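S.K.: next comes the sequence, and after it the predicted model I'd like to discuss.
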Amino acid sequence: MAVDMLLLAIVTLVFSSSSASAELQRFEHPVKGDGSLSLLVVGDWGRRGGYNQSHVATQMGKVGDELNIDFVISTGDNFYEDGLSGLDDKAFEESFSNVYVAPSLQKQWYIVLGNHDYRGDVLAQLSPVLRQTDSRWLCMRSFIVNTAIVQFFFVDTTPFVMEYWTDPEDNHYDWRGVAPRETYVANLLKDLDTALKESTAAWKFVVGHHTMRSVSEHGDTVELLENLLPILKAGGVDLYINGHDHCLEHIGSRDSPIQYLTSGGGSKAWRGVYTPNADKLHFFYDGQGFMSMELTERDVKVAFYDAFGTNLYEWSVTKEVNASM
């Protein structure tokens, strides 16, 4: 995709009215010559290399090289503790550009916002100006990435959570372009529902920051279960991928085909919390790390790695595919 077209798309989304329902912005990403796709997923990372962020980044570089990855997904909380202070905040380089330096990681990054990002200057992270500093950066509220075998639906989950709108700790949240909450969430859900039902992709993955199902500190996010999950079920979503809890998880749903994958171990972790929920826990690691994905039209393979590059867990699924995008 040409850089100028990409910048134009970002500008259009950032400065359009959030209260007006509009089709989610779409981007195209090519697959490999053999029709496959590989990528890494990391979340909750932006600590200037601290709390093992640099160790995780090093191992991401090694796995990224082995898999010849096509891109990287960030599940949010990109800069701690309070997002970016503005376009000239050195945290962008110190937590992103200067940390993820491996050659294999010099690919497109598709990025969503987390709750800590909303505690800073959100428009700075969304601004195309940051791409002049690092061309890998593509951060938006909600958008779609189309490939020949899978569609990724990126969802801005922070505005769903009522706690942030009435924060008892009086934290500041940057609601520019979001408030009023009810209108923003309703429009987003409508647009996502339409896009999912119209999709003919072999695989449909939804990416958000907040947990849908989790056995760690934050647990299940009630607002997502009530408002977002029904749309995912109706839209035939295969995977929900998130961060927020600083751990690695795979949880299988007992009432739908949806699998829940948490990759929020990009830096600070080890919360020491384990609270099972009603769904089936396949894997849980209360520590730093990241996730890889390898995809074909028929197969998906997921692997979780720790900060030392140890392969902790693998899972794969195959399905018959008759439709194409």
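M.R.: Nice, thanks for sending it over. Remember, it's a predicted structure, so these values are computed and weren't measured experimentally.
S.K.: can you give me the helices in this structure?
M.R.: Along the chain, counting by DSSP state H, helices occupy 3-14, 53-67, 91-92, 122-126, 130-133, 162-165, 181-198, 222-227, 229-234.
S.K.: could I get the ones you listed as TSV with distance to Ala303, mean pLDDT and mean neighbour count?
M.R.: Where you see a C-beta, it was placed from the backbone N, CA and C, and this is true even at glycine. Output for the helices of the chain, formatted as TSV (distance: least, Cβ to Cβ, whole Å; pLDDT from 0 to 100; neighbours: other Cβ atoms under 10 Å):
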stretch	distance to Ala303	mean pLDDT	mean neighbour count
helix 3-14	30	38	15
helix 53-67	8	98	20
helix 91-92	29	98	20
helix 122-126	28	98	22
helix 130-133	30	94	16
helix 162-165	33	95	13
helix 181-198	26	97	16
helix 222-227	25	98	14
helix 229-234	23	98	18
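S.K.: Lys268 is nearest to which of those helices?
M.R.: helix 53-67 (8.3 Å; Cβ to Cβ).
S.K.: got a list of contacts for that closest one?
M.R.: 38, 40, 42, 45-47, 49, 72, 95, 99-105, 107, 265-267, 288-290, 292, 294, 305-309 (Cβ atoms under 8 Å, 6 or more residues apart in numbering).
S.K.: buried subset of those residues as a ChimeraX selection?
M.R.: Command for ChimeraX that selects the buried part of the contacts of helix 53-67, burial taken from 16 or more other Cβ atoms under 10 Å:
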select :38,40,42,45,46,47,49,72,95,99,100,102,104,105,107,265,266,267,288,289,290,292,294,305,306,307,309
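S.K.: who's in contact with Gly272?
M.R.: Here Gly272 is in contact with Asp286 (criterion: Cβ under 8 Å, 6+ apart).
S.K.: so how far is Gly43 from the residue nearest the centre of the chain?
M.R.: Residue closest to the average C-alpha location in the chain (Cα atoms, centre = their mean): Thr75, at 2.8 Å. Separation of Thr75 from Gly43 (Cβ to Cβ, to the nearest Å): 3 Å.
S.K.: one more: Met60?
M.R.: Applying Cβ to Cβ to Met60 and Gly43 gives a distance of 12 Å.
S.K.: next: Lys90.
M.R.: 22 Å.
S.K.: go on, Thr166?
M.R.: 25 Å.
S.K.: the two - which one has more neighbours?
M.R.: Gly43 (30 against 6; other Cβ atoms under 10 Å).
S.K.: now that one. Nearest residue, chain neighbours left out?
M.R.: Excluding the flanking residues, the one nearest Gly43 by Cβ to Cβ, 6 or more residues apart in numbering is Gly243, at 2.5 Å.
S.K.: how confident was the prediction at Asp167?
M.R.: On pLDDT, Asp167 comes in at 76.
S.K.: how many neighbours does it have?
M.R.: A total of 14 residues lie near Asp167 under the criterion other Cβ under 10 Å.
S.K.: low pLDDT regions in the stretch 201-325 of the chain?
M.R.: 321-325 (pLDDT under 70).
S.K.: can you pull out the strands in it?
M.R.: With DSSP state E, counting those that start in this stretch, the ranges of strands along the stretch 201-325 of the chain come out as 203-207, 239-242, 248-252, 259-263, 280-285, 289-295, 299-306, 311-318.
S.K.: for those, give me a markdown table that also has distance to Leu24.
M.R.: Formatted as a markdown table, the strands of the stretch 201-325 of the chain follow (distance: least, Cβ to Cβ, whole Å):
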| stretch | distance to Leu24 |
| --- | --- |
| strand 203-207 | 12 |
| strand 239-242 | 17 |
| strand 248-252 | 26 |
| strand 259-263 | 21 |
| strand 280-285 | 30 |
| strand 289-295 | 21 |
| strand 299-306 | 23 |
| strand 311-318 | 26 |
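S.K.: between those strands, which gets nearest to Met140?
M.R.: Using Cβ to Cβ, the nearest of those to Met140 is strand 203-207, at 11.3 Å.
S.K.: which strands and helices lie in contact with that closest one?
M.R.: The elements that strand 203-207 packs onto, with contact taken as 3 or more Cβ pairs under 8 Å, 6 or more residues apart in numbering; DSSP states H and E, are strand 150-154, strand 239-242.
S.K.: tell me what the first one is packed against?
M.R.: Other helices and strands packing on strand 150-154, by 3+ Cβ pairs under 8 Å, 6+ apart, are strand 143-146, helix 181-198, strand 203-207.
S.K.: go again using 10 Å as the cut-off
M.R.: Other elements packing on strand 150-154 under the criterion 3 or more Cβ pairs under 10 Å, 6 or more residues apart in numbering; DSSP states H and E are strand 25-28, strand 37-42, strand 71-74, strand 108-111, strand 143-146, helix 181-198, strand 203-207, strand 239-242.
S.K.: buried ones in the fifth one?
M.R.: It refers to strand 143-146. Buried-residue list, strand 143-146, by 16+ other Cβ under 10 Å: Phe143, Ile144, Val145.
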